[in-house]
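# sequence? don't have it. structure:
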């Protein structure tokens, strides 16, 4: 392989890992003049096991919750050196490292207005430590710490609205992406990089291991999340909705039935109805229903 | 230039001389004055630095970690709860071999909450791999920060330095200090030239996962480096002395009338000033007493302590910290220094004093000298108030 | 003294994750390829390379056989085929 590759093969992600797809697309869109700060998680562990590294750009990992703070320090140092305009800074983490343990540092980074792109790889659980429930685990999902039973549907809480939380900080760019829509992802990363100030991009990345589907279905699962309305692809610039991916909505069952983590819901029409409501609310809120016969 | 300054201000002046590019801290008494002074200097354009007002100490330490990793000298200060909150970052910085100077304005640890001075905070992080230097007065506070960067950034060391100064007593105490001139400092402390840094021109990966095949050697390396620091710190002290005219000898210990002493107290920090006064007073009365001031708590200078105390029959160790459930932290190092050795004091008595800011007076020190006798004292708390204690809870 | 600390990318060749493949490997037919680069985008290993039409292939030292490239190719120019005999598995 090219030695100038920004993200190299030979890492130990699971076959079909959605996060690996998104990670290499992000860094390829950002380019080689980028410093990456990574929280502890799947991506960090599978891409940097001494003495191997998948990263062709300068890359640092410190702890589980402080990528946003370490990145703030990197950015401050670059400003001091007069190099900030020529260098992108990306802080990245999983959903747990962003919305749970990392929320404080992230909020501080937003509030101080650092010129950093923060990327959240949302595989909807603490996958690296064995599929535990996080603040971004969706309603009804089976995880080891929110297991379904005769009296429980699994995770009983909705996803923490991280994009809204980011928006509430008044930052110039917030977007959601999906590993199933690779060109949209790269476009949004390039757009974000071109804006000065704090940016937040949340990427939906299927986890074949944790979501219990075949590696070859990663893209299908990602697409269905978007096409059911459960994971709207939206883009906000300066607090105003600038774009959204319109869909011809598919029923949520199509998304749920191909993943083992929702298997237990299929015989539970009440639960499926509640999930359909979540999708319907998204469709209404962002006006996702396509007006054309075909999607754009 | 000689000025009458509050300790915090003196430290800020010292840091200003060192020209850090990134300063980040979170408010906590009694450190806050240091960063407030620095914020004013940055705002006035006297100091060219990025001042990052973070939302917690954990982030303050993370910001300076990121800055140093990018090749820029950085500074932060904290105390007590703040130091504990950033504890995992503290271990991280040493483990990643990043140079840094941090001021710990020593303060007691909650619970109960107490903002006054003792040394529990920095002592409780003694295992982290940082160099820890304890200052007796504000001049040492200034000088050890200057030496701190020089030691920390040396290619042979690349470990962070914690300068520990007693909160309120030193930080808020006003003393005459000499603030060196910039030209002299520039001769002593060159600009930071990193061994490794985050730079798109030369990509590298920092902070990798080290599995059992690789982790052990990282710890061994830090241990060896800290041993090497025991020789390196004296070298820097000598250089410092030749440029600034203040001689800290090996900057690991200070022997105050220990040569012929029959009784010596071992201690760290500002209490040494008090002990020196008592030693002076008692020496006038013909009593052969002395003080062994410990400057470098980490790396612990076992060989120097051995040489200083091997002929002293009675040694008292004054700890301003505790290791709850075991012998006091400084006392145990002193005992370990002599175990199995041919020459040693007959008695090493352990005293705990000053926790939570309880005043250590001249009388307290005299009491220690009195209680230091052939009968070894096993961790006595000086100036304890028994009326506040109950066997059972209630009422 | 320093222990294991920092890695330069140039020094890292990664693990030979091609050994993870069990049954199938992608075969790049290089017949109807339009160089859309979807296979390059979608590979979690980032081990698919190519320039012009019909020049795309993957590095079998690293390919884990997930099959996403084959699924995404708009021209069905990538086909998952059985792993060859031991000798060719490299």
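That came in fine, so what should we check first? Keep in mind the model is a prediction, meaning the values are calculated, not measured.
# hey, let's count contacts and neighbours off CA atoms from now on
Fine.
# so what's residue B:83 up against?
B:57, B:104, B:121, B:122 (Cα atoms under 8 Å, 6 or more residues apart in numbering or on different chains).
# what about the third one, neighbour count?
Translated: residue B:121. 25 (other Cα atoms under 10 Å in any protein chain shown).
# ok, residue B:273 next?
Neighbours of residue B:273 (other Cα under 10 Å): 15.
# now do residue B:291
Residues near residue B:291, counting by other Cα under 10 Å: 25.
# what does the one 10 residues further on give?
Neighbourhood size, residue B:301 [other Cα under 10 Å]: 20.
# would you agree it is in contact with residue B:230?
Yes - with contacts counted by Cα atoms under 8 Å, residue B:301 reaches residue B:230, the gap being 6.7 Å.
# shared neighbours, the two?
By Cα under 8 Å, 6+ apart, the residues touching both residue B:301 and residue B:230 are residue B:252.
# low-confidence bits of chain B, can you list those?
Along chain B, the model assigns pLDDT under 70 to residues B:395.
# would you map out the domains in it?
B:2-244, B:253-388 (automatic domain parsing).
# give me whichever of the ones you listed is most buried.
domain B:2-244 (a mean of 21; mean count of other Cα atoms under 10 Å in any protein chain shown).
# look at that one and report the distance between its end residues.
With Cα to Cα, to the nearest Å as the measure, domain B:2-244 spans 13 Å from end to end.
# and what of stretch A:25-39?
Terminal-residue distance, stretch A:25-39 (Cα to Cα): 18 Å.
# the contacts of residue B:83 in helices, which ones?
B:57, B:121, B:122 (DSSP state H).
# quick one: which of those is nearest residue A:114?
residue B:57 (17.9 Å; Cα to Cα).
# tell me how far the closest one lies from residue B:201.
The gap separating residue B:57 from residue B:201 is 31 Å, by Cα to Cα.
# switch the ones in helices among the contacts of residue B:83 over to CSV; also include distance to chain C.
As requested, those are exported to CSV (distance: Cα to the nearest Cα, whole Å):
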residue, distance to chain C
B:57, 25
B:121, 28
B:122, 25
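# now, which of these sits nearest residue B:242?
residue B:122 (30.3 Å).
# tell me the contacts of the closest residue to chain A within the stretch 151-300 of chain B?
Of all residues in the stretch 151-300 of chain B, the one sitting closest to chain A is residue B:203 (4.2 Å; Cα to the nearest Cα). Contacts for residue B:203 (Cα under 8 Å, 6+ apart) come out as A:56, A:57, A:58, A:59, C:8, C:9.
# likewise for residue A:26?
Contacts of residue A:26 by Cα under 8 Å, 6+ apart are A:185, A:186, A:189.
# which of the residues you listed fall within helices?
A:185, A:186, A:189.
# that older thread, save the domains of chain B as a markdown table, and put in distance to residue C:25 too.
Converted to a markdown table, the domains of chain B look like this (distance: least, Cα to Cα, whole Å):
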| stretch | distance to residue C:25 |
| --- | --- |
| domain B:2-244 | 30 |
| domain B:253-388 | 56 |
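# among those domains, which comes closest to residue A:11?
domain B:2-244 (12.7 Å).
# now that closest one, how far from the centre of its chain.
How far domain B:2-244 lies from its chain's middle: 10 Å, per Cα atoms, centre = their mean, to the nearest Å.
# quick one: the helices in the stretch 101-250 of chain A?
Listed in chain order, the helices of the stretch 101-250 of chain A (DSSP state H, counting those that start in this stretch) span A:103-112, A:162-168, A:182-193, A:208-211, A:218-227.
# cool, the stretch 151-300 of chain B as well?
Under DSSP H, counting those that start in this stretch, the stretch 151-300 of chain B gives helices at B:182-188, B:215-244, B:271-284.
# near chain C, which residues of the stretch 201-350 of chain B show up?
Within the stretch 201-350 of chain B, the residues that sit near chain C (Cα under 8 Å from any Cα of the partner chain) are B:203-208, B:210, B:214-215, B:217-222, B:224-225.
# buried residues in the strand or helix carrying residue A:29?
Residue A:29 belongs to helix A:18-30 when assigned by DSSP states H and E. Buried residues in helix A:18-30, counted by 16 or more other Cα atoms under 10 Å in any protein chain shown: A:18-30.
# between it and helix A:218-227, how many degrees?
80 degrees (axes from the mean of the first three to the mean of the last three Cα atoms, to 10 degrees).
# relative to the whole chain's centre, how far out is helix A:18-30?
11 Å.
# for it, what is the average pLDDT?
Averaged over helix A:18-30, pLDDT sits at 98.
# ok, the following helix or strand past that helix near chain C or not?
Downstream of helix A:18-30, the next assigned helix or strand under DSSP H and E is strand A:34-38. No - contact between strand A:34-38 and chain C is absent, the nearest approach being 13.7 Å (criterion: Cα under 8 Å from any Cα).
# chain center to strand A:34-38: distance?
On Cα atoms, centre = their mean, the centre of strand A:34-38 falls 16 Å from the chain's centre.
# can you list the residues that contact it?
A:27, A:44, A:57-62, A:67-68, A:70-71, A:87-93, B:198-200.
# what number of residues lie near the residue in the stretch 151-296 of chain A positioned nearest to chain B?
Going by Cα to the nearest Cα, chain B is nearest to residue A:169 of the stretch 151-296 of chain A, at 14.3 Å. If you count neighbours by other Cα under 10 Å, residue A:169 ends up with 17.
# could I get the pLDDT score of it?
98.
# and for residue A:4?
On the pLDDT scale, residue A:4 gets 78.
# again with residue C:84
Looking at residue C:84, the pLDDT reads 73.
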